[in-house]
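Chemist: test case, fold it:
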Amino acid sequence: MVKNFLIATLCLLSTWTYSQEINIEGSVSDIDSGMPLLGVNVIIEGTTKGTTTNFDGEFILRSVPTDATLVFSYLGYETKKVNVAETTDFTIQLQSDTQALDDVVVIGYGASSRRKLTGSVSTVDAESIQDLEPLNAANALQGTTAGVSVTPQSGSPGAESNIRIRGISTNGDSSPLIILDGFQYDGGLNSINPQDIESITVLKDAQAAIYGSVGANGVVLIETKTGKRNQAAEVTYNTYFGLQQTTRELPLLNNLEYALLTNEKYANAGQNLPFPDVSQLRTNTDWQDEVFDTAAIVSNNVSVRGGSENTDYSFSASHLDQKGIVAPEKSNFKRTTAKLSINTDVRDFLNLSANVIYTNNRSQGINSFGLGSVLFNAINIAPTIRPDRFNLDGTIDLGNEVANPLAQIANTFNDFESNRLSGSFQAELEYIKDFKLTARYGFNSSNLNNREFFPEFDFGTSKVFNRPFNQVNQNQQEFYDYTFDLFNTIEKSFFDKELDVTFTLGMTAFRTHGEGLFGARTGVPRNSYEFADIGTATGVGDNQTNGSFVSEFRRLSYFSRVQFSFKDRYLLTGILRRDTSSNFGPNNSTAWFPSVTGGWIITEEDFIGTNDVLNFAKLRASYGELGNDRIPNFLFLSVLSGEATYVLGDEQNLTNGQALGPVANPNVKWETAKKLDIGLDLKLFDNSLDVTLDYYDNTREDLLIPFIPTSGIFGTAAPGSSAPTRNAGTVKNYGFEAAIGYSKEVSDNFSFNINYNVSTINNEVTKINGAPFLEGGQFSVGQLPPARMEVGQPIGYFYGLKTDGIFQNQTEVEAHPSQRELAGVDASPGDIRFVDVNGDGIVNQDDRTNIGDPIPDVTMGLNLSFTYKNFEFSAYSFANLGSDIVRNFERDQPNVNMLSRRLDRWTGPGTSTIEPRVTTAATANKLFSDYFVEDGSFLRIQTISLGYFVPEKALQSVGISSLKLYAKVDNAFTFTEYSGYDPTASTGAPIGGGIDLGFYPLPRTFSLGLNVKL
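Modeler: Numbering: from 1, shown residues only. Next comes the predicted model:
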């Protein structure tokens, strides 16, 4: 009896236990459209156990207690809870949350709904960044953001990019302010893992006045990814492998073509031929093929994100290994990152958060740009020279600046390493209802260690690369900066909630400190990189050097912002910031930066009514003053210079000494940017079409101009001295922007979206006090600077001779004004005919004029993506129109190689009106003129990607919730008339940019990858 009772009891208990846990299958869709929702969080309330929906909106959740409550949450939709015990049908429909759909945009020291935004702001979201998967986060802005231009500093691994917002407005630093998770970030963007980024927001107008003296160049706000509340830990692994190659090789002469044209050069000058028997040529070296290579790139990224009801967390780690397409064994970049983010509600009124990012960058590099770079040598060295001729003595004379590029690579040794720890700690306290106090501490700490070794080596007689002794250079630097923000935010409603007011008042303190040591020593044992260290080198004498530096900068700021919204249709924002900067002179220690923005939501007016076409319309305008304190330190102080030499004593000995350096300017101050913007935001056709239109006018005043002669100051011609740097210039940029986006769900299986943006740029220098112009840049060797900043012209325009074809015969030469002053010889038939611009009857350097500029007239971006069933496709492209570029990678020595265009040279009357004759004799043909200026316009298909989501049913047995396989091509196609490697080639300098000195081209990359979610 007892035995039977126990058996029955156990059976009942087992049945009861089994009934407490069940497996649930269901689906989630949009209540209005019925479309399935991908990625909906399905969590057992009170736990972290859960799952997410697949591509078809379906989910499976195992071992769910029968008394549990499931929580369905999804961005842009209202959260829904379902009691398991009350239903067996888990076909869930979610209602869109109109408040959530009104995107929140970060605007600095706060956020605003896009609906109520009154400034010109553009945002790139995580989805676009994931599609592009750029190596550098800056490149995610190219072609996706109207008015933003991104140009690479080089195509070499790990190279940074230059970001310009609405043109170039200064002859100094034009880089925008970078704000990372709320704090100022002055590190390179190549130190940030793009897959850690949630969004990138660009403030382009007076909205940036909240940042005062650092906001003139625009502001880029980067928000990194965090965890999600009420979500079980989600593990994501992303990886890809790619092969990189050059997109083009320049059409150079082969050995026979080279020998024949070189012979023709000498013959035209009446000299002996260097190749009297071209049939004996044996060597035909393709030097570009020798230096270019196919290079690998590998990326791995893993992340864990999740959270409970009160806390969310995120951890990620990544490693990137990129080889260079030129000498990959000597040109490479490795980046390792780790990021931790924690956000918790300690109490209902107190939130604490922390974000910490660690980055280790290691790289090796070659001379990749300019006179003497590897590609410069590969272009100019003769094809008749064998690759193994490291010393060029006994070969044809190529001048002092051209060497064997393979010898150059073999004798290049360096390594660079940087470690950076960045982060922020934040506390938010709601001490009274609607009153919130925020305290945030942001920091950057970095150290850099560089080592370079120059072995003893002879490249050939008189080569500038020659090293009669070896030398090791070492450099160690440490930088630390912090930002402390303390601000109060008040949000109140009045008049039955018809008037909403948000008021922000706060302060911020910023300090940066840097110090470094550097040294150089000869006598490295065994002439080997293995022993290249200052500690082991044994050299003595004049070539042993060392030095150090210490830098310090501080800024203290107070700011306020008030935002009004009346009847949800009339919007007004006022901003005021006060900055005190250690860079300002004592007579201008404090700056004030005001701005005002306003908006009118037209569709809220009764006279508009409800219609199916116009869903939303907002007219907005802004005006404000911002500053740029990125000026050299301590211009208000005079420093001693060690360049002075004195004659002392009866024996009149020369003695090195010191003298007063550049004259101090106690009135030096910030550059002031006055920004006007008028814009219109539209949503049409059931919110499927977005249109944003803007007119902007940015005037930069008080530009810092160096070395301007100043009344009452004498002695500036002394050694080491110079006239002071003054605020004395004005530059104006204005133009139009348009951004159009259309998205459509055609069916359950097919949806697409397309985005287009266009921006026009007009740039003009309107004032330079005390100087007729500034000049800069480099063209060839020993020539006048090719670029200028001058009133009435674009900043950095090209200043050179204007051509008018080729002299066809001696009659034309004699009928034209004399060109003898240009090169000391008269022109001959076949030479370039230059225009006598000033009409004085003589062609000389006074006839130089505007022959182009590197600033594009129009920039555009076109991006397309669509999904069909489990397939996903995206393509990103951008274009620059109207920019000019200087071709400056051809050395003007008699025996260097040439582009194949020279095969179409002038050889007699009527044979060419473009390409001049070839000769070793002195001519003016090599002088800087529009012959060397080309149209730099281009269209680039930046990224093409095709992905496939493996069906979830095929993944259930292996515990994977999502698996995407994809193939991608980066830098796929470039359509341009430019004859160089890359039309984006530029030094990035405001005066002297747009000059191609042998640019390391951006590689084309073919990659395969996968994204896995567990």
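Chemist: so what touches stretch 948-959?
Modeler: Residues outside stretch 948-959 that contact it (Cβ atoms under 8 Å, 6 or more residues apart in numbering): 54-56, 58, 60, 870-872, 961-966, 1014. Just so you know, the C-beta spots here come from the backbone N, C-alpha and C atoms, and that holds for glycine as well.
Chemist: and with 7 Å instead?
Modeler: 54-55, 58, 60, 870-871, 962-965, 1014 (Cβ atoms under 7 Å, 6 or more residues apart in numbering).
Chemist: one more: stretch 131-148?
Modeler: By Cβ under 7 Å, 6+ apart, stretch 131-148 touches 122, 124, 128-129, 150, 160-161, 163, 165-166, 189-190, 192, 194, 197, 200, 202, 204, 222, 322, 737-739, 757-759, 861, 863, 865, 874, 876-878, 942-943, 945.
Chemist: mind checking which of the residues you listed land in helices?
Modeler: 128-129 (DSSP state H).
Chemist: returning to that earlier point: by neighbour count, which of the contacts of stretch 948-959 wins?
Modeler: Neighbour counts for the contacts of stretch 948-959 (other Cβ atoms under 10 Å) peak at residue 54, which has 24 neighbours.
Chemist: buried stuff in whichever strand or helix holds residue 131?
Modeler: Using DSSP states H and E, residue 131 sits within helix 126-132. Buried positions in helix 126-132, judged by neighbour count with 16 or more other Cβ atoms under 10 Å: 126, 128-132.
Chemist: now stretch 792-806
Modeler: 793-803, 806.
Chemist: ok, which pair from those residues is furthest apart?
Modeler: 795 and 806 (32.5 Å; Cβ to Cβ).
Chemist: tell me what the nearest residue to residue 346 once chain neighbours are set aside is bridged to.
Modeler: Counting by Cβ to Cβ, 6 or more residues apart in numbering, residue 346 lies nearest to residue 352, which is 5.7 Å off, once chain neighbours are set aside. Note on residue 352: beta-bridge partners by DSSP bridges are residue 344, residue 427.
Chemist: let me see the mean pLDDT of stretch 749-766.
Modeler: Here stretch 749-766 scores 95 as its mean pLDDT.
Chemist: what's the answer for stretch 769-786, then?
Modeler: Stretch 769-786 comes out at a mean pLDDT of 90.
Chemist: stretch 953-967 too?
Modeler: On average, stretch 953-967 scores 87.
Chemist: show me where this structure has helices.
Modeler: 2-19, 98-101, 126-132, 255-268, 287-291, 374-380, 405-410, 810-815, 820-823.
Chemist: chain center to the fourth one: distance?
Modeler: Looking back up the chat, that one is helix 255-268. Helix 255-268 sits 44 Å away from the centroid of its parent chain (Cα atoms, centre = their mean, to the nearest Å).
Chemist: quick one: contacts of it?
Modeler: 253, 272-275, 278, 281, 283-284, 382-384, 894-895, 897-898, 902-903, 917-921.
Chemist: at 6 Å instead, please
Modeler: 273-275, 278, 281, 284, 383-384, 897, 918-920 (Cβ atoms under 6 Å, 6 or more residues apart in numbering).
Chemist: is it true that residue 704 touches residue 629?
Modeler: No: counting by Cβ atoms under 6 Å, residue 704 stays clear of residue 629, with 10.5 Å between them.
Chemist: who has more neighbours, those two?
Modeler: Between residue 704 and residue 629, counting by other Cβ under 10 Å, residue 704 is the more crowded of the two (23 against 20).
Chemist: so which of the contacts of stretch 131-148 are in strands?
Modeler: 122, 124, 150, 161, 163, 165, 197, 200, 202, 222, 322, 737-739, 757-759, 861, 863, 865, 874, 876-878, 942-943, 945 (DSSP state E).
Chemist: filter those down to the buried ones.
Modeler: Using 16+ other Cβ under 10 Å, the buried members of the ones in strands among the contacts of stretch 131-148 are 122, 124, 150, 161, 163, 165, 197, 200, 202, 222, 322, 737-739, 757-759, 861, 863, 865, 874, 876-878, 942-943, 945.
Chemist: what about the strands in the stretch 251-400 of the chain?
Modeler: For the stretch 251-400 of the chain, applying DSSP state E, counting those that start in this stretch gives strands covering 295-307, 311-323, 332-347, 350-364.
Chemist: off-centre distance for the third one?
Modeler: Spelled out, it's strand 332-347. On Cα atoms, centre = their mean, the centre of strand 332-347 falls 22 Å from the chain's centre.
Chemist: now it: buried residues?
Modeler: 332-339, 341-343, 345.
Chemist: kind regards, and thank you for your time.
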